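Novice: Next input, structure requested:
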Amino acid sequence: MALLGIQLVITLVVVSVIQKINPHFSFAKWILCSTGLIRYLYPTNDELKTLANIPKEKPRKGKHMQNGNSHQTFHVPRNLDITLENAQVTNLDIIHLKYYSDFQWLLDFSIYATITYALTEVYYYLYSIEGEINLSMLWCILVVGFSFKILIVLWIQYFKSNENTGERSTCIVMGIVYLLIALAVQIIDEKIIEIGLNKAYTSFNQSATKFLGEHGLSSTGPASRIVLKFSLAVWCGLLGSLLTFPGLRMAQMHSDALIYHKQRKLLLLLANISFASPLLLVCLWIKPISRDYLTVRVFTGASGPLMTPDAFESLRLIAIIVVVLLKLLLMPMYLQSYLNLAEQRLEKLKKESGRITNVDLQKKIAAVFYYLCVVSIQFIAPLLLCLFFSFMYKTLGGYSWNGFGSALEECSVDESQPVTSSDNIDNIEKTITQTAEEFHLALGSLKQIFTTEVFRGLFGLATWWTCFTIFATNALGMFCQSYLTAA
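Specialist: The predicted structure follows:
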């Protein structure tokens, strides 16, 4: 129980830091306001009238005048020669944006969860105590849950409005496509894609059958292999549908960033590496071109393989962290590419004939900045899913960061451990320590079912599939960009 007490102390310290620092500093706010992002201001009615040679009317009182602002509507030529003014994004600008609070909470909480996880991992490394509860997994589960929640909220918006029929159809079609791909992936021999689902099912089936038998329940297995694999495929299809539009948005921002920064060669190199990095992560789970090449093949003149199996597992985990950090480093560049979309809309409008109302023109420009936090969530949420799935894959799967062996072996319950008797202490007056011990014993029973092999299969699939979905949606977005450009 010593490690559990230390983890409780770490959790309390981090919570205290959140309460004191969060009102004064927010990493999400820093990303939006302190990295030099520039927003474009829509032209006012007076400016539009001047450019279109429309006589200005005197403001009238009454229903046409509210708070000193005139809500008049008039038409202007689409090819009007307009130059947008710009201003740096400030704190006062972002607090009214749609989903700003969700973005701030998601990113800031994920930072604190990462700190908690890192401190817990350091303590595990210094003091190898087996069989204790890792409370940092609770933080990881919360981040994953918050990420799914906000992605589902954005996803549902496509089904609420009658105007988003195209987006709705895209979500449904891509969900079905990813469902079929997930079913195909689970059919592929694990000598090719080493996710570990077959080992996970075998371990779960055997341990669950044994657990039920110990409690007087006869069973040949809790669930069939087909049902479990189909359930996982449905989850994969849902995740693919949720990440479809974030991936398409990411592809558009990347395409625009390459145009805006074509003179900065180093930045372009980093951007292209960042964009292609999910493909590298996907390949690390394809055994013939990754594990066999690095841990089995012996090159000419070498005495052995390049890496040990444990070092290869650590390489996959570290590669995910490096990719996420690289994408976070380039996040301001991508957000600025999105904000520049206001100018692109105006230039596209100038090429059209006819007239447009001042309100519609202003909405086209203002909507870009208004949805900045939505785009930020679409950028950050898939990365957080990938990162925290890998954290859970490492810890619950019993891997190590240093490549010198597993950090945790198969967890088992110490049957010789005495159970606290309730004869001497009244049930109502149980101390916190005794409650924690009973909770620990209850979790120990669950560990008999959810073994290390089970966690390796589940979180191996979750980590690999998230990387694959990010790559697939980005590639689809780039294909659509190339097709539209050619058209």
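Novice: Please count neighbours and contacts with C-alpha atoms only from this point.
Specialist: Fine.
Novice: how about residue 74, what does it touch?
Specialist: 357, 358 (C-alpha atoms under 8 Å, 6 or more residues apart in numbering).
Novice: brain fart, residue 336
Specialist: 37, 38.
Novice: and it, what pLDDT?
Specialist: If you check residue 336, the pLDDT there is 95.
Novice: where does it fall, phi/psi-wise?
Specialist: Main-chain torsions, residue 336, degrees, to the nearest 10: phi -70, psi -40.
Novice: if I look at it, how far off is residue 31?
Specialist: Distance of residue 336 to residue 31, computed by C-alpha to C-alpha, to the nearest Å: 11 Å.
Novice: low pLDDT regions in the stretch 351-487 of the chain?
Specialist: For the stretch 351-487 of the chain, applying pLDDT under 70 flags the ranges 403-447, 483-487.
Novice: Quick check: residue 364 touching residue 347?
Specialist: No: shown here, residue 364 and residue 347 do not form a contact pair, counting by C-alpha atoms under 8 Å, at 11.7 Å.
Novice: looking at it, residue 314 is touching residue 395, isn't it?
Specialist: No: applying C-alpha under 8 Å as the test, residue 314 and residue 395 come out as separate, 11.6 Å apart.
Novice: Pop out the phi and psi values for residue 191.
Specialist: phi -70, psi -10.
Novice: residue contacts, it?
Specialist: Contacts of residue 191 (C-alpha under 8 Å, 6+ apart): 287, 288.
Novice: Quick one: neighbours of the spatially closest residue to residue 45 that is not a sequence neighbour, just the number.
Specialist: Distance criterion C-alpha to C-alpha, 6 or more residues apart in numbering; nearest residue to residue 45, sequence neighbours excluded, is residue 358 at 7.0 Å. Neighbour count of residue 358, defined by other C-alpha atoms under 10 Å: 20.
Novice: repeat for the one 4 residues further on
Specialist: Counted by other C-alpha under 10 Å, the residues lying close to residue 362 total 16.
Novice: ditto for residue 269
Specialist: Residue 269 has 12 neighbours, counted by other C-alpha under 10 Å.
Novice: Tell me how far it lies from residue 470.
Specialist: 19 Å.
Novice: and what of residue 133?
Specialist: Relative to residue 470, and taking C-alpha to C-alpha, residue 133 is found at 32 Å.
Novice: more neighbours, the two?
Specialist: residue 470 (25 against 16).
Novice: Assign a three-state SS to the more buried one, would you?
Specialist: helix (DSSP: H, G, I helix; E, B strand; the rest coil).
Novice: try residue 454
Specialist: Residue 454 ends up helix, using three-state DSSP.
Novice: Tell me the secondary structure at residue 86.
Specialist: Looking at residue 86 with three-state DSSP, the answer is strand.
Novice: Now for it, how many residues are close by?
Specialist: 11.
Novice: cool, and the one 4 residues further on?
Specialist: Neighbours of residue 90 under the rule other C-alpha under 10 Å: 17.
Novice: tell me the phi and psi of it?
Specialist: phi -120, psi 170.
Novice: so who does the residue nearest to residue 45 touch?
Specialist: Listed by C-alpha under 8 Å, 6+ apart, the contact set of residue 358 reads 45, 48, 73, 74, 75, 76.
Novice: where's it relative to residue 78, distance?
Specialist: 10 Å.
Novice: in a helix, that's where residue 281 is, yeah?
Specialist: Yes: assessed with three-state DSSP, residue 281 lies in a helix.
Novice: Spatially, what comes nearest to residue 454 if we skip its sequence neighbours?
Specialist: For residue 454, the spatially nearest residue (C-alpha to C-alpha, 6+ apart) is residue 200, at 4.1 Å.
Novice: Quick check, the one you found in contact with residue 461.
Specialist: No: Residue 200 is not in contact with residue 461 according to C-alpha under 8 Å; the separation is 10.7 Å.
Novice: Looking at these two, which one has more neighbours?
Specialist: residue 461 (23 against 19).
Novice: what comes up buried for the helix or strand harbouring that one?
Specialist: Residue 461 belongs to helix 452-486 when assigned by DSSP states H and E. The neighbour-count check on helix 452-486 (16 or more other C-alpha atoms under 10 Å) flags 452-475, 477-478, 481 as buried.
Novice: Compare the contacts of residue 358 and tell me which is most surrounded.
Specialist: residue 48 (22 neighbours).
Novice: Please work out which residues outside the strand or helix carrying that one touch it.
Specialist: Taking DSSP H and E as the definition, residue 48 sits inside helix 45-52. Contacts to helix 45-52, defined as C-alpha under 8 Å, 6+ apart, come from residues 55, 56, 76, 77, 80, 81, 82, 358.
Novice: Roughly how far does residue 305 sit from residue 294?
Specialist: 6 Å.
Novice: more crowded one of those two?
Specialist: Taking neighbours as other C-alpha under 10 Å, residue 305 and residue 294 compare with residue 294 leading, 19 against 15.
Novice: Who are the contact partners of that one?
Specialist: 305, 306, 307, 312.
Novice: of all those, which comes closest to residue 117?
Specialist: Residue 117 lies nearest to residue 312 out of these, by C-alpha to C-alpha, at 21.8 Å.
Novice: So the closest one sits against residue 295, correct?
Specialist: Yes: counting by C-alpha under 8 Å, residue 312 touches residue 295, with 7.3 Å between them.
Novice: Tell me which residues are up against the helix or strand where residue 270 lies.
Specialist: Using DSSP H and E, residue 270 sits within helix 265-283. Residues outside helix 265-283 that contact it (C-alpha under 8 Å, 6+ apart) are 254, 258, 261-262, 289-290, 316, 319-320, 323, 326-327, 330, 464, 467-468, 470-471, 474.
Novice: The residue positioned nearest the centre of the chain and residue 470, how far apart?
Specialist: In the chain, the residue lying closest to the centroid (C-alpha atoms, centre = their mean) is residue 382, at 2.5 Å. Here residue 382 is placed at a distance of 7 Å from residue 470 (C-alpha to C-alpha).
Novice: again with residue 290
Specialist: Counting by C-alpha to C-alpha - residue 290 and residue 470 are separated by 20 Å.
Novice: returning to what we had before: can you give me how far the strand or helix carrying the residue nearest to residue 454 is from the chain middle?
Specialist: Following DSSP H and E, one finds residue 200 within helix 197-214. Helix 197-214 sits 31 Å away from the centroid of its parent chain (C-alpha atoms, centre = their mean, to the nearest Å).
Novice: Report all helices and strands that that helix contacts.
Specialist: Secondary-structure packing of helix 197-214 (3 or more C-alpha pairs under 8 Å, 6 or more residues apart in numbering; DSSP states H and E): helix 452-486.
Novice: and the angle from the helix it packs on to helix 197-214?
Specialist: Helix 452-486 runs at 140 degrees relative to helix 197-214, counting by axes from the mean of the first three to the mean of the last three C-alpha atoms, to 10 degrees.
Novice: which helices and strands sit right next to helix 452-486?
Specialist: helix 197-214, helix 225-242, helix 244-260, helix 265-283, helix 372-396.
Novice: quick one on the thing from earlier: in the helix holding residue 48, what's buried?
Specialist: In terms of neighbour count (16+ other C-alpha under 10 Å), helix 45-52 has its buried residues at 45, 48, 49.
Novice: Could you measure from the last one over to residue 349?
Specialist: Noted for residue 49: a distance of 17 Å to residue 349, by C-alpha to C-alpha.
Novice: Just give me the closest of the buried residues of helix 45-52 to residue 227.
Specialist: Nearest to residue 227 among the buried residues of helix 45-52, counting by C-alpha to C-alpha, is residue 45 at 61.1 Å.
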